[in-house]
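Q: Just the structure for this:
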Amino acid sequence: MTGLDYGRLCRVEALRVLGGRYRLEDQIGAGGMAVVWRATDEVLRRSVAVKVLARPLTVDASARLRIQAEARSAARLAHPHVASVYDFGESLDDAGQPVPFVVMELLRGPTLSKRLAAGPLPPPEAMRVCAEVASGIAAAHEAGLVHRDIKPANVVLTPSGAKVVDFGIAAAAGPLEDLDQDDRMVGTPAYLAPERLTGGDVVPASDVYALGLLLHCVLVGRLPWNVETTTQMLRAHEYHEPVPLPPVAGVPPQVVDLCRQCLVKDPADRPTAAEVAAVLADAAGVRLPMTPVPAGTVGGVPVPDPISDVPTVEPRPARDRRRRRSLVVAVVAGTVVATAVGAALLANPAGTNGEAAAGANPTGLEEPTTRPSTTPGPVTTPPPVAPRPGIPPVDGTTGPTTRSGPAETGAAAPTPSATAAPTTPAPEQQTLTSGGGTVTVECLADQAHAVKWTTEPGYWVTKAEPGPAVRVRIWFKSADTLIRMRIRCKAGVATWVNAPT
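A: Residues are numbered from 1 along each chain as shown. Alright, predicted model coming up:
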């Protein structure tokens, strides 16, 4: 039974109230994975969108639990450029089988794909829209989620700005073996990163690749390859360099370079979504709404004190401009949002009063979707009995901890030092922040050394590899989220990604 089969079923269920409160009214979107209804929440008396998931996603209990976990993660986000998820539940079909549904924000406005059918966007609008999309995706990455299907059909242009929708196939960043076979290759062929085609792990950089394609598309109205079939498109992603963004009046050189960097084949060489948002916001002359984060550094970029009510634009230090292939980044205060992520909504069919719903058919610019697809505690040090130099305490080694108690703090054991006075200044400490906690890092040439870390409420540290090493790793875990901070230093600047290993 397909998603459209469930649409027929839902026409019968429209006479019923799902979950005791959501009265289905009319169908506003349909796709291979779900059918979306405009509905009324009879408890809060507001209009909502209800996505009823298709049978391929509901045939076993583990799939339903995974969908529920994704909805729970998405519902935690409060970000102005991600559609909100309100509720999750299950209804029974005529055969008594459970049918999961997700209750979402009902957006008013066209999808970006519908807008692009009329041609490219003016450069200021194009850069603003992509900056807003990138800021929402950065929030997702901060919470440890990868969207996996960034495309024009999953962006809705509302009166208050662009909103990313349809986190229905989002996944926690991590190793490929953590996913079921059917989840390993999902998304839209026109926007799939090369590593997704070669069995690579779920990484935030794959979303950045799609952001680069989105930017190219909104500026010139087409993707950077001249292909006619899905197979040709997939081969282009993996083997062919994209055509550079042509000159467009009003598009500054740093945006052209940014688009190129987003589309490099190696995910480690792409900028972060937060950096993409910052560059585009600066080029468009807009300030993105922020959620404050602790003062310090995020991803190697200094962040002003969040008590300021007005976001500021601050250039990177000169030495940092050599990083990431001369990417010039002007960072708006608090670009990386330390919140949990996600949401889902759909593309709006014509004639539905401008209300958007997820899962509408893509435009000719896209290939069809594939589907087998707190105050921190004091710094602790290792006990004096036979410590291992350079190995910090992790969860359970410094005394009892609880998952819901105060933030925990770890520190690397001090390494023996020579008796002679150092001939070079001590390395500057840099603080990197994620949704799970913060890590203080020292850069020793191109080696990183994690000297201290502090958890956010509800998180604990499950593993730590503090270095010094080319890459150091700290694992933060909560009840339903795992954030793996992989940190490295380049030109004296520390950066991190949420990486599988």
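
Q: Any regions of the stretch 301-450 of the chain where pLDDT drops low?
A: Applying pLDDT under 70 to the stretch 301-450 of the chain flags residues 301-425.

Q: one more time with 90
A: Applying pLDDT under 90 to the stretch 301-450 of the chain flags residues 301-428, 434-437, 444-447.

Q: Hmm, C489 is touching A448, no?
A: Yes. Using C-beta atoms under 8 Å, C489 is in contact with A448, at 4.5 Å. C-beta coordinates here come from the backbone N, C-alpha and C atoms, glycine included.

Q: Find residues that contact each of the two.
A: Counting by C-beta atoms under 8 Å, 6 or more residues apart in numbering, the shared contacts of C489 and A448 are V441.

Q: need the helices for the chain, in chain order.
A: Under the criterion DSSP state H, helices of the chain are mapped to 3-13, 61-75, 112-116, 123-142, 194-197, 204-220, 230-239, 253-262, 273-284, 323-326.

Q: Nearest to F476, out of those helices?
A: Closest of these to F476 is helix 123-142, at 11.6 Å (criterion: C-beta to C-beta).

Q: now the angle from the closest one to helix 253-262?
A: Here helix 123-142 points in a direction 40 degrees away from that of helix 253-262 (axes from the mean of the first three to the mean of the last three C-alpha atoms, to 10 degrees).

Q: helices or strands up against helix 123-142?
A: strand 155-158, strand 161-164, helix 204-220, helix 273-284 (3 or more C-beta pairs under 8 Å, 6 or more residues apart in numbering; DSSP states H and E).

Q: Relative to T230, how far out is L112?
A: In this view, L112 and T230 are 21 Å apart by C-beta to C-beta, to the nearest Å.

Q: domains in this structure, as residue ranges please.
A: The chain breaks down into these domains under automatic domain parsing: 3-107, 108-356, 374-415+425-501.

Q: Between L112 and T230, which has more neighbouring residues?
A: L112 (27 against 14; other C-beta atoms under 10 Å).

Q: wait, that one sits on V129?
A: Yes. The pair L112 / V129 is scored as a contact, 6.8 Å apart, by C-beta under 8 Å.

Q: anything in contact with each of these two?
A: With C-beta under 8 Å, 6+ apart, L112 and V129 have common neighbours V155, L157, A162, V218.

Q: most surrounded residue in those?
A: Top of the shared contacts of L112 and V129 by neighbour count (other C-beta under 10 Å): V155, with 28 neighbours.

Q: Identify the residue spatially nearest to that residue, adjacent ones excluded.
A: Spatially, and ignoring its direct neighbours in sequence, V155 is nearest to L112 (4.0 Å; C-beta to C-beta, 6 or more residues apart in numbering).

Q: residues in contact with the one you found?
A: Going by C-beta under 8 Å, 6+ apart, L112 touches V129, P152, A153, V155, V156, L157, A162, L214, V218.

Q: Which pLDDT value goes with it?
A: pLDDT for L112: 96.

Q: Okay, and the beta partners of L444?
A: Per DSSP bridges, the residues bridged to L444 are Q447.

Q: could you measure it against A426, distance?
A: According to C-beta to C-beta, L444 and A426 sit 10 Å apart.

Q: Would you mark the buried spots in stretch 27-44?
A: Using 16 or more other C-beta atoms under 10 Å as the burial criterion, the residues of stretch 27-44 that qualify are 27-31, 33-41.

Q: so how far does that stretch reach from one end to the other?
A: 21 Å (C-alpha to C-alpha, to the nearest Å).

Q: try stretch 462-481
A: Using C-alpha to C-alpha, the end-to-end distance of stretch 462-481 comes to 12 Å.

Q: Can you mark which positions in that stretch are buried?
A: Buried, per 16+ other C-beta under 10 Å, within stretch 462-481: 464-469, 471-478, 481.

Q: Closest one of these to P204?
A: T481 (14.0 Å).

Q: My guess is the closest one contacts E142. True?
A: No. Shown here, T481 and E142 do not form a contact pair, counting by C-beta under 8 Å, at 10.8 Å.

Q: what do these two both touch?
A: Joint contacts of T481 and E142 (C-beta under 8 Å, 6+ apart) are G435.

Q: Thanks again, I'm all set now.
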